[in-house]
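A.B. asks: Could you work out the structure for the sequence below:
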Amino acid sequence: MKSKFFRFCLLACIPLLSVACSSSEKLSGNEFLIEGEISDVKDGVVIQLGRMDGDMGSRIASDTLVNGRFIFKEDAISDMERLYIIIIDEGSPPMMLNFWATPGAKIKIKGKGKLFPAWEVKSPVAYQKEENLYANKSRDIIAEYSRIAVEFDDMHKMARKVSSDEARTYRNAADSLNLMINALMIKRLFADMDVMEKTDISPIWLNKMKELSLTLSYSDEVNEHYGRLRKNAEALYGRMSEEDKTTPIGYQITVNLFPPPVAAIGDYMVDADFLDITGNTKHISDYSYPGKYLLLDFWSKGCGPCIMAFPEMTEISETYSENLTIISISFDSDTGWKEALSEHNTPWVNIRDPKAQGGLAASYGFIAI
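C.D. replies: Numbering: from 1, shown residues only. The predicted structure is shown next:
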């Protein structure tokens, strides 16, 4: 099956107002500070801050650009956490700027224009210093990628506004831009691998390895770069320890590079080890009863459409309670999953896959939620 290189775009959740302060102000408890200094972006543009949980993100605060500056002062929820910034405004790419924070960290972000994935992050956080090794090597590539991504989205927006004949012109232009995006993605992956070959395995390294493996899982084997990418990826994978491979991100890397057989219609159900909210091990077969269908729902708290489906799922579970059992399988961390369950009514079976996307989802051929 033909497939294109995967582009990441996380959207959705509710922004909250940030608390203004200055870098000279002392931080207390688990607080961290983010100060942005941006040129060539009009005042009034909203900068949104989000927190990552696995592969999904949720927005936690927003601030409006004034005199080229924005400020966030928030509480860290762990000793090391991955955050992101996005701008949803005309001329901004559908992407993220990822960075790391710790309690007490004072982080500065500097940039020019709306291509924010290429903005610079200056921070005392050790993970960020390592992240910057990759960013500094690819900043020009990231900026160009971001610029073309804006044009790509514009072409699709225009195609939806005009007649079918005119739309064909915009879709053709988008296809040409997508080829450019793919080429830049490949270029950045090779730049990342150059850094990975010279650095020790770390959470940053594993994140880059996951992105590389995911790209290979989406790419065509006939792509001219596939062989070289695959060879390099397998060599890097060989450096990973068994401990690395048996983490949630390690499982994802493994199934991306070496996907398991996908269950087909007529096959026996694939099962796995899951955790319920009390930490007990569960299996799908525990909820299988004669005469009842099973509906498996893979979800995450950062997936807006997943959450939006809950009322309909409630109605379905109540209407067909005699014939159907719904089993929701979360990809979130234990903490994120329990937070989501406390916020939403889910009156059906809810369990968590500790392997996340590297678990049961791969055996059913799911590539998105």
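A.B. asks: How is this protein partitioned into domains?
C.D. replies: According to automatic domain parsing, the chain comprises the domains 203-259, 274-363.
A.B. asks: In a strand, S328, correct?
C.D. replies: Yes: under DSSP: H, G, I helix; E, B strand; the rest coil, S328 sits within a strand.
A.B. asks: what separates the spatially most central residue of the chain from L214, distance-wise?
C.D. replies: Of all residues in the chain, the one closest to the mean position by Cα atoms, centre = their mean is D55, 3.7 Å from it. As judged by Cβ to Cβ, to the nearest Å, D55 and L214 stand 9 Å apart. The C-beta positions use only the backbone N, C-alpha and C, and glycine is treated the same way.
A.B. asks: Helices of the stretch 251-369 of the chain, residue ranges please.
C.D. replies: 304-308, 310-319, 334-343, 360-363 (DSSP state H, counting those that start in this stretch).
A.B. asks: Return the most buried member of the ones you listed.
C.D. replies: helix 360-363 (a mean of 22; mean count of other Cβ atoms under 10 Å).
A.B. asks: Report the backbone C-alpha coordinates of it in CSV.
C.D. replies: Only the C-alpha atoms of helix 360-363 are listed here, as CSV (Å, rounded to 0.1, in the frame of the first residue of the first chain):
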residue,chain,number,x,y,z
LEU,A,360,-2.3,-4.3,21.2
ALA,A,361,-3.1,-1.5,18.8
ALA,A,362,-0.2,-2.7,16.5
SER,A,363,-1.8,-6.2,16.3
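A.B. asks: got the contact list for that helix?
C.D. replies: 255, 259-263, 270-272, 274, 284, 298, 329, 331, 353, 369 (Cβ atoms under 8 Å, 6 or more residues apart in numbering).
A.B. asks: Now, of those residues, which are buried?
C.D. replies: 255, 272, 274, 284, 298, 329, 331, 353, 369 (16 or more other Cβ atoms under 10 Å).
A.B. asks: Which two among those residues are spaced furthest apart?
C.D. replies: With Cβ to Cβ as the measure, no two of the buried ones among the contacts of helix 360-363 lie farther apart than V255 and I284, at 18.0 Å.
A.B. asks: right, and R147 touches L115 too?
C.D. replies: Yes: between R147 and L115 a contact is recorded at 6.0 Å, counting by Cβ atoms under 8 Å.
A.B. asks: between the two, who's got more neighbours?
C.D. replies: Shown here are R147 and L115; by other Cβ atoms under 10 Å, L115 has more neighbours (24 against 18).
A.B. asks: what about the spatially closest residue to the more buried one that is not a sequence neighbour, is that helix, strand or coil?
C.D. replies: Nearest in space to L115, with sequence neighbours left out and distances taken as Cβ to Cβ, 6 or more residues apart in numbering, is S146 at 4.1 Å. At S146 the chain is in helix, as set by three-state DSSP.
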